[in-house]
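Trainee: need a structure here:
(one chain, ligands or ions: 2)
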Amino acid sequence: MSWSNLKALIQPLAAAATDLSNKPPWCTGTLQVSPEDLSLFYLRGKEARILRIPEATENQLDELAEACEPATFGSNDKDVLDDNYRKAGKMDVNNFSINFTPERLGLLQAVKAILSGDRDISFELYNLNVYGKGSFFKTHKDTPRGNNMFGSLVVVLPTPHEGGALFLRHINEEMIFDSGQVLKDAPAGTVTYAAFYSDVDHEVQQVTSGHRVSLTYNLYFGDASNRSNNLPTMTTQAAGAENFSCALKTLLKNPKFLEKGGLLGFGLKHQYPISSNADKDVDLQDLVPCLKGEDSTILDACKEHGLEASLKIVYEVEMEYRGKYHVMCDEMASGLEHEMQVEDVVETLQEDYGGIVIGQDDRANTFDKETMQTSWDTYVTWITPMKSATPIKHNYIAYGNQAEMGYAYGNLSLIVEVGAPGQRDDPSVR
Ligand SMILES: O=C(O)CCC(=O)C(=O)O
Ligand SMILES: [Fe+2]
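Mentor: Ligands and ions are numbered 1, 2, ... in the order given. This next block holds a predicted model:
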């Protein structure tokens, strides 16, 4: 089949996949809480203090700010203090306590409905942040703290402030959440919240007056204390999920599509925590139950039709005379040497990391002139554009909210095995 015919055939499924992406990767809102829930207990040196947030004076908030440590951020596995990047006070969870719990106040349902489909989730209180006048936190992604950490929740407590809006950005979407403005017009005892997937870029703009006090929580699939793989399964409710599943079914039924079976590919919309540490062997497949939003909807539809799907890192290697090579691996190639020749990179990926060279859509039948062999091992029909990574210079986020134990965000693709017509669920039938 020609490339243009194939393109026409997969078009409805590709369109259904694009439609899945209409849901924003965050949710924001307000919540009414009782004054008792807003009593903050904290340590100032060795002394215990109580601050009733709704009645807090500027002086008391200054004292709270003084009890905080200057906030650092993570840059390439180190915690650094840099006023140009993050200027705020931060208090570790061991040094304060507040009655407010997101579970008890209905935030669990709100966050679950929007970000996690039906899966069980849990919250882990992480930090208290105090932004006085002139404080800010520049764009970053929150550092992943385990495979099953999928997002963050920020709760801004009701203390008057101007500035300090939270900007959220993901691919082409942006949202500005101005807690100061929202709280100004809200009844007493209102808090604002924003929950977002942890690969969303976010920033806190400069506070121009007052104090912005926020609580940050890490969000986990399953139990926060169980950062392993035994996760509850889920059913998605994403808008467009049914449509996507139908389009997939129609395509699979078409006998002209992949007449001998083959591979379907989906570049994932979200980024996922993968190990940046060579000693720490993380199996990419452990991330399968942790797929977020639309990515998990795609996986569910594949499973529904009996298809095997697995996560891959696709490395893009630029060869001087031969153009770009795409090598797909089941694991991260963390042992590649910086000085390695490009030619050797492809070979090492193939030999040491089980790498498989993928052919490009529009060159499916051409030959490598030099070796007179097909220069790839397999072929993938990409439904959503492939997500690739560069070996060695991993395109990880360099800045996080804390330096962390060898996790970083990486681009992944979902590869689905499809059998011949009539036996689509059995990829061995080719
Ligand atoms: O205070 C906030 O609104 C956000 C803080 C934040 O992004 C972080 O601590 O990582
Ligand atoms: Fe953050």
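
Trainee: distance of the nearest residue to Thr139 once chain neighbours are set aside from Lys90?
Mentor: Of all residues not flanking Thr139 in the chain, Glu203 sits nearest, at 4.3 Å (CB to CB, 6 or more residues apart in numbering). The C-beta positions use only the backbone N, C-alpha and C, and glycine is treated the same way. Glu203 sits 16 Å away from Lys90, taking CB to CB, to the nearest Å as the criterion.

Trainee: neighbour-wise, which of these two wins?
Mentor: Each of Glu203 and Lys90 has its neighbours counted (other CB atoms under 10 Å); Lys90 has more, 21 against 15.

Trainee: correct me if wrong: that one contacts Ala71.
Mentor: Yes - Lys90 sits in contact with Ala71 when judged by CB atoms under 8 Å, with a separation of 3.8 Å.

Trainee: joint contacts of these two?
Mentor: Asn129 (CB atoms under 8 Å, 6 or more residues apart in numbering).

Trainee: pLDDT value on the residue of the stretch 151-300 of the chain found nearest ligand 1, please?
Mentor: With CB to the nearest ligand atom, the shortest gap between the stretch 151-300 of the chain and ligand 1 falls at Ser214, namely 3.5 Å. Ser214 is assigned a pLDDT of 98 by the prediction.

Trainee: same thing with Ala15?
Mentor: The confidence metric pLDDT takes the value 95 at Ala15.

Trainee: where does it fall, secondary structure wise?
Mentor: Here Ala15, judged by DSSP states H and E, is contained in helix 3-20.

Trainee: got the buried residues for that helix?
Mentor: Burial within helix 3-20, assessed by neighbour count using 16 or more other CB atoms under 10 Å, is assigned to Leu6, Leu9, Ile10, Pro12, Leu13, Ala14, Ala16, Ala17, Asp19, Leu20.

Trainee: can you redo these as a markdown table with distance to ligand 2?
Mentor: What follows is these, written out as a markdown table (distance: CB to the ion, whole Å):
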| residue | distance to ligand 2 |
| --- | --- |
| Leu6 | 42 |
| Leu9 | 43 |
| Ile10 | 38 |
| Pro12 | 38 |
| Leu13 | 35 |
| Ala14 | 33 |
| Ala16 | 33 |
| Ala17 | 29 |
| Asp19 | 30 |
| Leu20 | 26 |
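
Trainee: among these, which are in reach of ligand 1?
Mentor: For ligand 1, no contacts are drawn from the buried residues of helix 3-20 by CB under 6 Å from any ligand atom.

Trainee: TSV for these, including distance to Pro158?
Mentor: Rendered in TSV, the data for those read as follows (distance: CB to CB, whole Å):
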residue	distance to Pro158
Leu6	57
Leu9	56
Ile10	51
Pro12	49
Leu13	47
Ala14	46
Ala16	43
Ala17	41
Asp19	39
Leu20	36
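
Trainee: helix/strand/coil for the residue most central in space within the chain?
Mentor: In the chain, the C-alpha closest to the average C-alpha coordinate belongs to Asp199, at a distance of 3.5 Å (CA atoms, centre = their mean). Classification of Asp199 using DSSP: H, G, I helix; E, B strand; the rest coil returns coil.

Trainee: my guess is it contacts Arg169, does it?
Mentor: No - the criterion here is CB under 8 Å, and Asp199 misses it with Arg169 at 10.8 Å.

Trainee: what does the stretch 101-250 of the chain have sitting close to ligand 1?
Mentor: Listed as neighbours of ligand 1 in the stretch 101-250 of the chain under the rule CB under 6 Å from any ligand atom: Asn127, Asn129, Phe137, Asp142, Val154, Leu166, His202, Val204, Ser214, Thr216.

Trainee: and for the fourth one, the neighbour number?
Mentor: So the one you mean is Asp142. By the measure other CB under 10 Å, the count of residues near Asp142 is 27.
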